[in-house]
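Q: Next comes the sequence, and after it the predicted model I'd like to discuss.
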Amino acid sequence: MAFLPHHRPKKLSLGPLEAEILGIVWKLKIVTVKNVHDFILQDPDRELAYTSVTTVLRRLTQKGWLKCSKKGRAFSWQALVSYEQAQAIQSYEKLNHFLAISNPDVVASFADSLDTASLEQLEAIAERLQTIRSQREEQT
């Protein structure tokens, strides 16, 4: 289970190329511009300028998704959060947004319309929340 990391990117929204390149970084762990460019160009139907990869890596760094390291004249990038952590952050943000714009009747109606598997997941979540709250109370 992925828990919310302490580090959160400054901007969660990603364009299609940013998301693709972030996926490549997650796959390769530590990358250079050349690694990413070569990875994308493995598809013979793709064209992408080397400088575009550089721009996107810098943009992902500014948004807080990647960190850049310099060794000599070479730059490399790696992700600051894992794929699983990113999924948890994005799910958390979506749930908070849904709860912020919905009144309790809308949320209850939504929950009531879920299928059996989803209801079982909600019950498991409720049980997990109760366990976490009980543990928290025991620690105080």
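A: All right, it came through fine. Residues are numbered from 1 along each chain as shown.
Q: going forward, measure contacts between C-alpha atoms and count neighbours the same way
A: Fine.
Q: Contacts for the top helix by length along the chain next, please.
A: Using DSSP state H, we find that the single longest helix of the chain is helix 116-139. Contacts with helix 116-139, where a contact means C-alpha atoms under 8 Å, 6 or more residues apart in numbering, come from Ala111.
Q: Begin at 3 from now on, thanks
A: Let's use 3 as the start, then, which means that last one is helix 118-141.
Q: now it, how far from the chain's geometric center?
A: 23 Å (C-alpha atoms, centre = their mean, to the nearest Å).
Q: where's the residue most central in space within the chain, which helix or strand?
A: Nearest residue to the geometric centre of the chain (C-alpha atoms, centre = their mean): Ala88, 1.9 Å. Assessed by DSSP states H and E, Ala88 sits inside helix 85-103.
Q: next helix or strand past that helix?
A: helix 106-114.
Q: quick one: average confidence on that following helix?
A: The average pLDDT for helix 106-114 rounds to 77.
Q: Mind listing residues that contact the worst-scoring helix or strand of the chain on mean pLDDT?
A: Least confident helix or strand, the chain: helix 106-114 with a mean of 77, by mean pLDDT, DSSP states H and E. By C-alpha under 8 Å, 6+ apart, the residues outside helix 106-114 that reach it are Leu101, Leu121.
Q: quick one, that helix and helix 118-141 angle?
A: Orientation check (axes from the mean of the first three to the mean of the last three C-alpha atoms, to 10 degrees): helix 106-114 against helix 118-141 gives 120 degrees.
Q: Helix or strand: which one has Gln80?
A: Assigned by DSSP H and E, Gln80 falls in strand 76-81.
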